[in-house]
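Student: below are the sequence and a predicted model; questions follow.
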Amino acid sequence: MFTEQLLYLSCYCTSVYLLSGCDPFAQTQRSKLQHRRARINQQINKEMRMRAGAENLFRATTNNKVKETVALELSFVNSNLQLLKEELEELNSNMEVYQTDSEAVNVPLIPLGLKETKEVDFTVPIQDFICEHYGEDGSVYDKEIKELMELRQAMRTPSRNQAGLELLMEYYNQLYYLDQRFFPPHRNLGVHFHWYDSLTGVPSCQRALAFEKGSVLFNIGALYTQIGARQDRSAAAGIDRAIDAFQRAAGAFNYLKENFSNAPSLDMSGPSLCMLVRLMVAQVQECVFERVTLTTQDTHFTSQLRLAQEAARVSDVYLLVQQTMTQPLMKDYVPFSWASMVQVKSEHFRALSHYYAAAALCDHTLSAEGDEESEKAFVHFYVSPPTGLTLSQVLQDPDKRRKLGKAHLRRAVIRHEEAMRVHGLCKILRKMDILQDVLSLTHKRSLDKYSELDREDDFDETAEAPEIQSQTHQKPDITPPNFSTVQVTDIFQRLGPLSVFCARARWGPVRVISLQRREGGLGLTLRGDSPVLVAGVVPGGCAAEAGLREGDYIVAVDGQDCKWAKHGEVVHMLKSPSDMGVELSVITLHSHDTQVNVSMCVCECVLTCSGITKRLGSTFSLSFGSIRGAEAMY
């Protein structure tokens, strides 16, 4: 589980670049687009509040004139909302901004815009909780609170590269510690998290930290889609980077789907995430086809068959995405341009599949040596073999191969024309010159080849080409997020080890114990590290008479904080000679939930009562079971 990985993360000093997002006022096309999205989200939020107020007034009033005025206002507000949603849909459909600057002609890929969020002020809620729960002055932690807020502000505008991903990952990992420190199971901190739906801009507000976690995880997936879309796919290295990015995007959305329930916004609902996972997988499959095309230098019969089956596979996965997008919940939610693009790609790659099948059949003279290999490849090429013909007859007879190839080209031309028809119906897609060029070039290529094969003495009606069996040499992997790649330090570690000083622990007030050393020692037994535990108290001894009890944790010695101190360090402080004796600050742990119920299933972990966090240099780890450390009498 993710939380178990987090518990073993090494601490390190946060690099400067991780604490800075993109300049929101930078004049890049992507930042302009995201800035416009933020502005529209705010306007949608304002209009929805006005509509809610008008609807309440309409229901409450009995004055007919007031009702007429409110009804008119509602009509005006609804019109504004519709215009804003259409403008936002157009921004979400703006795929070209996220594409590569390369001059290579590739079909554009579909990226996602990031979810927008409002600023959050943690200052008062965290200070109050520290005062109430931890019994300390909350203002002492102003520096930590400021660092947390700066990190959150920075992650709102991540750069479109590895640094941006690490920034989001860092904040996501930091939320684990925030949850443990300040969010007890049956109470929230009182902080409101506002996020806007990625596609509709509809605002959602919750006080649950789970909503914050889920939204950040969604943005991790969305940023991967933007990174994947910007890769230069004219070279194998760029294609591999795109494949990796879209597989990780699919993993992020799938992880969110499996671990997040009761989503307040539609973009994080089960059907939406299922659609996004399938879309990412389809785009991975498309990139796999592009790499096969790029690396297949020869025009051998079997190589062309392989390209045909790869293209058929891409068509199949896009058809599955198209079916998902037409489900009742998704039909009115998914941007029309996305649905159109998916349908165009399904038709386009099906056409390519038939084109490569025709090229394999018509462009090669099969030698006797190659017949066995070719026939073996041809056996599994079709879903069902051509009617009235055996595969060996087709391979050995040039005329039969030509006629079957012509049938495939006819199917290719029909599919190309359907792709161009769907493309022409979408205003946004018509503006995409690259897509127009790809569709026109492939359509012309199929028409030209069909003209080459067409003969005046062909009086027989062109047969129907069989369906091609889709197949791929590389199935997409759904790569789950690896949160351990970004190691974080608990910002509020000064509060003490999480094993004791967390929101789920209950302890009494700090007690100050004054000990005067006697000839027989202090009369206590210590065990463990960070914090050191009083394992035993000698009856009638100095410690017992002063009020020290077995099970107390030592949090300070003579005013010096020792929550993170090792066993030996505390012993050294106790043994320091002093005529005034030694003064201990101790707490007694009354309860500690053995089962840590994190509000979101993304973070699940079991902490035992005896688990203790150790600090070894700058490395944190959690030991389960009995408390480790020497036990000795002092």
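Tutor: Received the coordinates, thanks.

Student: doesn't residue 182 make contact with residue 144?
Tutor: No. With contact defined as Cβ atoms under 8 Å, residue 144 does not count as touching residue 182 (11.4 Å). No exception for glycine: its C-beta is placed from N, CA and C like everyone else's.

Student: settle it for me: which of the two has more neighbours?
Tutor: Taking other Cβ atoms under 10 Å, residue 144 and residue 182 do not tie; residue 182 has more neighbours (23 against 19).

Student: now the farthest one out in the chain, which residue is it?
Tutor: Within the chain, the residue lying farthest from the chain centre (Cα atoms, centre = their mean) is residue 519, at 63.2 Å.

Student: domain assignment for this protein?
Tutor: Domains of the chain are assigned by the TED database as 29-97, 345-484, 496-590.

Student: roughly how far does residue 72 sit from residue 402?
Tutor: For residue 72, the distance to residue 402 (Cβ to Cβ, to the nearest Å) stands at 70 Å.

Student: okay, those two: which has more neighbours?
Tutor: The neighbour count for residue 72 versus residue 402, taken as other Cβ under 10 Å, is higher for residue 402 (17 against 11).

Student: surely the more buried one touches residue 361?
Tutor: Yes. Between residue 402 and residue 361 a contact is recorded at 7.4 Å, counting by Cβ under 8 Å.

Student: pLDDT below threshold where in the stretch 201-350 of the chain?
Tutor: In the prediction, the stretch 201-350 of the chain carries no residues with pLDDT under 70.

Student: can we see that at 80?
Tutor: 297-299 (pLDDT under 80).

Student: so where do the strands sit in it?
Tutor: Assigned by DSSP state E, counting those that start in this stretch, the strands in the stretch 201-350 of the chain fall at 203-206.

Student: now do the helices in it.
Tutor: 209-229, 236-259, 270-295, 301-325, 328-331, 336-362 (DSSP state H, counting those that start in this stretch).

Student: next: the stretch 1-150 of the chain.
Tutor: 2-7, 29-60, 64-92, 123-129, 142-155.

Student: rank the ones you listed by pLDDT, which is bottom?
Tutor: With a mean of 38, helix 2-7 has the lowest mean pLDDT of the helices of the stretch 1-150 of the chain.

Student: so residue 251 sits against residue 478, correct?
Tutor: Yes. With contact defined as Cβ under 8 Å, residue 251 counts as touching residue 478 (5.0 Å).

Student: any idea which element residue 514 lies in?
Tutor: Per DSSP states H and E, residue 514 falls inside strand 511-515.

Student: what comes into contact with that strand?
Tutor: If you take Cβ atoms under 8 Å, 6 or more residues apart in numbering as the criterion, strand 511-515 is touched by 522, 542-543, 546-548, 552, 581-588.

Student: pull the most distant pair out of the residues you listed.
Tutor: 581 and 588 (21.4 Å; Cβ to Cβ).

Student: please enumerate residues in contact with stretch 223-237?
Tutor: 30, 95, 98-100, 102, 104, 106, 108-112, 114, 158, 160-161, 164-165, 168, 238-239, 241-246, 248-249, 252, 280, 283, 287, 290-291, 294-295.

Student: in JSON lines: the helices of the stretch 201-350 of the chain, plus distance to residue 417.
Tutor: As requested, the helices of the stretch 201-350 of the chain are exported to JSON lines (distance: least, Cβ to Cβ, whole Å):
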{"stretch": "helix 209-229", "distance to residue 417": "27"}
{"stretch": "helix 236-259", "distance to residue 417": "28"}
{"stretch": "helix 270-295", "distance to residue 417": "21"}
{"stretch": "helix 301-325", "distance to residue 417": "15"}
{"stretch": "helix 328-331", "distance to residue 417": "25"}
{"stretch": "helix 336-362", "distance to residue 417": "9"}
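
Student: sounds good, over and out.
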